[in-house]
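Participant: Curious how this folds, go ahead:
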Amino acid sequence: METMKAVRFHTYGGPEVLVYEDAPKPEPAAGEVLVKVHATSVNPVDCKGRAGHLRILSEYPLPFISGSDVSGVVESTGAGVTKWKSGDEVYGRADLWCPGAYAEYITMREGEIAYKPKKLDHIHSAAIPLAGLTAWQALFDSADLKPGQKVLIQAAAGGVGHLAIQLAKLKELYVAGTASGRNQEFLKQLGCDQPINYETTRFEDVVHDFDAVIESIGGEVRDRSWKVLKKGGILVALIGPQPSQDDAKQYGVRATIIWVQPKPDQLAEIANLADAGRVRPEIAAVFPLREAAKAQQMSETEHVRGKIVLQVV
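Facilitator: Residues are numbered from 1 along each chain as shown. As a prediction, this is how the structure comes out:
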């Protein structure tokens with residue numbers, strides 16, 4: 001059996017359970033491609049899965065390889081794959097419950113990938129898929145926002161938030177965003193119309209009658225977010241638990257939660273925007289694959305601006 005280097009966890013726990021080791025190299029089944037991973041990024045869901053917080057949904061087959069963001073090169077294809085060939089540069093979001101991208105190779109369904117942005121390297125391309133798809137689907141699929149409407153993006157300097165600002169401005173939305181004081185200038189550079197320093201200002205005091213809130217924090221931030229929506233507006237939650245329908249009804253608004261879907265047409269459109277210089281991910285830090293534990297520790301303990309990336313090749 002051929003092997004590859006990968007980062008796996010054999011038991012649930014803190015970042016220290018991640019082990020850089022040899023693992024079986026996967027083979028593409030029918031309808032799959034084998035991708036040589038050049039880079040992947042660290043997402044909060046990676047940390048939650050490793051810590052065991054997703055066990056209420058499903059158990060991982062241990063030992064398990066984390067990581068759902070991929071930028072790399074097609075190595076080979078399984079039976080029935082016609083769109084992709086060896087050497088194609090691709091990026092995409094892998095299935096959360098299948099062995100992931102913290103590895104030298106990953107198998108993915110052919111519908112989970114698109115051609116990577118030509119003008120971005122693998123580091124920047126790997127920062128896009130999960131966060132970019134989440135932002136796109138929250139703004140345009142779930143909230144169905146149109147030019148001229150207003151959206152409040154919570155945690156606007158984070159992985160999803162900073163891409164959501166850029167996508168929202170391309171659709172001519174008015175954007176307010178919350179972030180720490182040190183990130184206020186960053187929000188302005190992204191095009192945010194109304195940066196809000198959550199350290200000094202309660203967002204509900206300065207935001208009123210908005211069409212949507214993109215909410216990724218939960219708890220009391222979610223509770224306060226209802227107040228900024230206009231009648232008929234919508235709160236789109238990016239994390240569980242499900243937003244309260246009773247609260248939504250009380251405020252005369254709608255509420256939903258997003259479970260991001262791997263949509264290659266959306267990835268292709270984001271890649272085109274990146275190539276046109278209209279969308280660019282912010283990279284907070286780059287770690288070699290063997291230091292995945294340090295990368296996840298940073299993700300869990302710091303307010304990260306943009307994305308943390310693991311370089312594989």
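Participant: Assign residue 189 to helix, strand or coil.
Facilitator: Assigned state for residue 189: helix (three-state reduction, DSSP: H, G, I helix; E, B strand; the rest coil).
Participant: Next one: it from residue 179, what distance?
Facilitator: 12 Å (C-beta to C-beta, to the nearest Å). C-beta: built from backbone N, CA, C; applies to glycine.
Participant: how about the helices in the chain?
Facilitator: 44-51, 122-126, 129-136, 159-170, 184-190, 203-206, 219-225, 245-251, 264-275, 292-301 (DSSP state H).
Participant: of these, which approaches residue 67 most closely?
Facilitator: Smallest distance to residue 67 across the helices of the chain (C-beta to C-beta): 6.1 Å, for helix 44-51.
Participant: Contact partners for the closest residue to residue 44 other than its chain neighbours?
Facilitator: Distances taken as C-beta to C-beta, 6 or more residues apart in numbering place residue 299 nearest to residue 44, at 6.6 Å, with adjacent residues excluded. Taking C-beta atoms under 8 Å, 6 or more residues apart in numbering as the contact definition, residue 299 lies against 42, 43, 44, 46, 47, 308.
Participant: switch to 7 Å and redo it
Facilitator: Residue 299 makes contacts with 42, 44, 47, 308, as judged by C-beta atoms under 7 Å, 6 or more residues apart in numbering.
Participant: partners of the first one in the sheet?
Facilitator: According to DSSP bridges, the partner residues bridging residue 42 are residue 308.
Participant: Would you agree it is in contact with residue 296?
Facilitator: Yes. The pair residue 42 and residue 296 qualifies as a contact (C-beta atoms under 7 Å) at a distance of 5.9 Å.
Participant: what pLDDT does the closest residue to residue 79 other than its chain neighbours get?
Facilitator: Computed as C-beta to C-beta, 6+ apart, the closest residue to residue 79 that is not its neighbour in sequence is residue 30, at 4.2 Å. Here, the pLDDT recorded for residue 30 equals 98.
Participant: next one: residue 156
Facilitator: Note for residue 156: predicted pLDDT of 98.
Participant: Residue 189 and residue 179: who's more crowded?
Facilitator: residue 179 (26 against 13; other C-beta atoms under 10 Å).
Participant: Please name the residues that touch that one.
Facilitator: By C-beta under 7 Å, 6+ apart, the residues touching residue 179 are 156, 157, 187, 195, 198.
Participant: What sits closest to residue 170 if chain neighbours are left out?
Facilitator: Spatial nearest neighbour of residue 170, chain neighbours left out: residue 278 (6.0 Å); criterion: C-beta to C-beta, 6+ apart.
Participant: one step back: now for the contacts of residue 179, which pair is the farthest apart?
Facilitator: Across the contacts of residue 179 (C-beta to C-beta), the longest gap, 11.4 Å, separates 187 and 198.
Participant: more crowded one of the two?
Facilitator: residue 187 (25 against 18).
Participant: Could I get the contacting residues of the more buried one?
Facilitator: Residues near residue 187 by C-beta under 7 Å, 6+ apart: 156, 157, 165, 177, 179, 195.
Participant: Name the residues linked to the closest residue to the first one other than its chain neighbours by a beta bridge.
Facilitator: Right, the one you point to is residue 156. Distances taken as C-beta to C-beta, 6+ apart place residue 177 nearest to residue 156, at 2.8 Å, with adjacent residues excluded. Note on residue 177: beta-bridge partners by DSSP bridges are residue 153, residue 195.
Participant: was I right about residue 177 contacting residue 192?
Facilitator: Yes. Counting by C-beta under 7 Å, residue 177 touches residue 192, with 4.6 Å between them.
Participant: Quick check: neighbours shared by these two?
Facilitator: Contacts common to residue 177 and residue 192, judged by C-beta under 7 Å, 6+ apart, are 156, 165.
Participant: ok, how many other residues are close to residue 239?
Facilitator: 14.
Participant: ok, now the one 4 residues further on?
Facilitator: One way to gauge burial is a neighbour count; for residue 243, by other C-beta under 10 Å, it gives 23.
Participant: For it, which residues are in contact?
Facilitator: With C-beta under 7 Å, 6+ apart, residue 243 has these contacts: 222, 235, 237, 255, 257.
Participant: give me the number of residues near the fourth one?
Facilitator: Read it as residue 255. 24.
Participant: got it, and residue 52?
Facilitator: The burial count for residue 52: 15, using other C-beta under 10 Å.
Participant: Once you drop chain neighbours, what's closest to it?
Facilitator: residue 12 (3.4 Å).
Participant: Give me the distance between that neighbour and residue 207.
Facilitator: Taking C-beta to C-beta, one finds residue 12 at 39 Å from residue 207.
Participant: Pull the number of nearby residues for residue 55.
Facilitator: Taking other C-beta under 10 Å as the definition, residue 55 ends up with a neighbour count of 12.
Participant: Skipping adjacent residues, who's closest to it in space?
Facilitator: Excluding its sequence neighbours, the residue lying closest to residue 55 (C-beta to C-beta, 6+ apart) is residue 12, at 7.5 Å.
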